[in-house]
Structures are given as structure tokens and as C-alpha cells.
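Undergrad: kindly return the folded structure for what I paste below:
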Amino acid sequence: MVTYDVNSRETTNKTDPSKLEFIGGKPITMDGDLTVTGALAAGTVTDRETVADPGDGVAIPPPTDGSNFICNVVTAGAETRSMGTPTRLGQVAFILLLTDGGDLVMSNAGGWIDGADNTLTFADVNDFVTLEAVGTGAVTDWRLVSKKGVALTTV
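TA: So this is what the prediction gives:
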């Protein structure tokens, strides 16, 4: 068991390196590969959080601490969403159409890729996008990193 004290940054009990324990942090175990149980943070990067679907016509709010996040969207008919302003550069958002009661349309005035294509349309269950916050200084916006089943258009 290797014990790492998050507060003092000291490592002890190095007799069994297949196990790792954090004091003052969340526990993790290693079985050849690293398996994480609970939240793991390093500097400003944290594992993703789940953000509740805010509902039709409302912006999906990124966590204020800059965490990466997932939002599982449920539609009950044709609905719209937008993205709230990123809270840090490099923040990653994963938006998934979990329940399809109608198409979901998301728009972004700054465009999702090149400033032109400004609309994403989710039509089927499990359609998703991955977005990343980009920009310079205080000006940040979301850009499309990947998508599955989602139409990208200009409106």
C-alpha cells in the first residue's frame, strides 16, 4: 500500500505499489491499469460533473468551478437549448440526447466550428456532441470537437 498525503505531499508505506491511498483526498485503487473511484483532481482539471438539463429554451449552465461536464438532455417535443458561457478555457462539455421526444436544436451566435455553422440538430436517442471552450483573454466560446448523428447547419 502506497499512501500519499495530499496536504503534506508525502508518500509512505511503499511495500505494495499495487495499491494507492490518498489521505485528505478521494481514494483510488490500481490493478495494473488505474481505476478511479470518486472525483480525481489535479490543479484546475477535474473529472466531469453531471449538469441537469435546464429544459426547453434555457442555456445549459457550465459548472462555475470550470469542471468538464456532461448534460443528458430529454425532449418532450421540438425544443431548443443554448450553451452558457464557458467558465475556463479548455473546459469540455458532452451533450447527449438521452430521451427523444422531438428534435433538439442548439444554436451559437459565434458558430460551432468556423463562425458560420451556428446550429446543431439532435434527432435521435444517443446523438451527441463534444464541445470545448476556446478563446483569448476574457472572450470565450464553445467549439465543436466531435459529434455523432447531429446535423451541423447555418441558420
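Undergrad: residues contacting Asn72?
TA: Thr50, Asp53, Leu96, Leu98 (C-beta atoms under 8 Å, 6 or more residues apart in numbering). Every C-beta, even on glycine, is put in place using the N, C-alpha and C of the backbone.
Undergrad: okay, and which of the residues you listed map to strands?
TA: If you go by DSSP state E, the contacts of Asn72 have Thr50, Leu96, Leu98 in strands.
Undergrad: what's opposite the spatially closest residue to Phe94 that is not a sequence neighbour in the beta bridge?
TA: Nearest residue to Phe94, sequence neighbours excluded (C-beta to C-beta, 6 or more residues apart in numbering): Ile70, at 4.4 Å. Listed by DSSP bridges, the beta-bridge partners for Ile70 are Thr50, Phe94.
Undergrad: against Lys147, how distant is Ile70?
TA: Using C-beta to C-beta, to the nearest Å, Ile70 is found at 15 Å from Lys147.
Undergrad: can you list the domain ranges for this structure.
TA: 2-38, 45-153 (automatic domain parsing).
Undergrad: any idea which of the ones you listed scores lowest on pLDDT?
TA: Among these, domain 2-38 has the lowest mean pLDDT, at a mean of 49.
Undergrad: related to what we said a few turns ago, need the ones in strands among the contacts of Asn72 in CSV (columns: neighbour count and distance to Leu104).
TA: Output for the ones in strands among the contacts of Asn72, formatted as CSV (neighbours: other C-beta atoms under 10 Å; distance: C-beta to C-beta, whole Å):
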residue, neighbour count, distance to Leu104
Thr50, 11, 18
Leu96, 17, 10
Leu98, 15, 10
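Undergrad: including distance to Val139, could these go into JSON lines?
TA: JSON lines is the format used below for the ones in strands among the contacts of Asn72 (distance: C-beta to C-beta, whole Å):
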{"residue": "Thr50", "distance to Val139": "28"}
{"residue": "Leu96", "distance to Val139": "28"}
{"residue": "Leu98", "distance to Val139": "32"}
